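Trainee: Pasting the sequence and the predicted coordinates here, then a few questions.
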Amino acid sequence: EVQLVESGGGLVQAGGSLRLSCAASGFTFDDYAIGWFRQAPGKEREGVSCISSSDSSDSYARFVKGRFTISSDNAKNTVYLQMNSLRPEDTAVYYCAAADHCSASVWAYWGQGTQVTVSS
């Protein structure tokens, strides 16, 4: 059974940090890219960051560049999103997903999401 399980969300003050984890199972982790997405109430889902498990190449949305860092521990089939200098506008449900590559238009597998709330 394919599973992506996010954890690490919570409530933090503006300027604070959180580290999200995405634990994957049920598929060949090295064959996929793992992306982080977020969706705030009343807004469309947007891509945040992505990492290729095969070569660790990564990409970031412009609104998180310099603040968020994505990393992968292939031995643990886990991808992390270190979020620093958090802002109230970062408040959203964060999801991880798996696809063939970071530019994919279709993401095959999704996690259930973890809530991140940043207070001002």
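Mentor: Nice, thanks for sending it over. Numbers count the residues shown, from 1 in each chain.

Trainee: Can you name the residues bridging to the residue nearest in space to the middle of the chain?
Mentor: With distances taken as Cα atoms, centre = their mean, the chain has Trp36 as the residue nearest its mean C-alpha position (2.6 Å). Beta-bridge pairing of Trp36 under DSSP bridges involves Ser49, Cys96.

Trainee: ok, it - contacts?
Mentor: The contact partners of Trp36, taken as Cβ atoms under 8 Å, 6 or more residues apart in numbering, are Leu20, Cys22, Gly47, Val48, Ser49, Cys50, Ile70, Val79, Leu81, Tyr94, Tyr95, Cys96. C-beta here means a position set from N, CA and C on the backbone, and glycine is covered the same way.

Trainee: Now with 6 Å, please.
Mentor: Each residue near Trp36 by Cβ atoms under 6 Å, 6 or more residues apart in numbering is listed here: Val48, Ser49, Leu81, Cys96.
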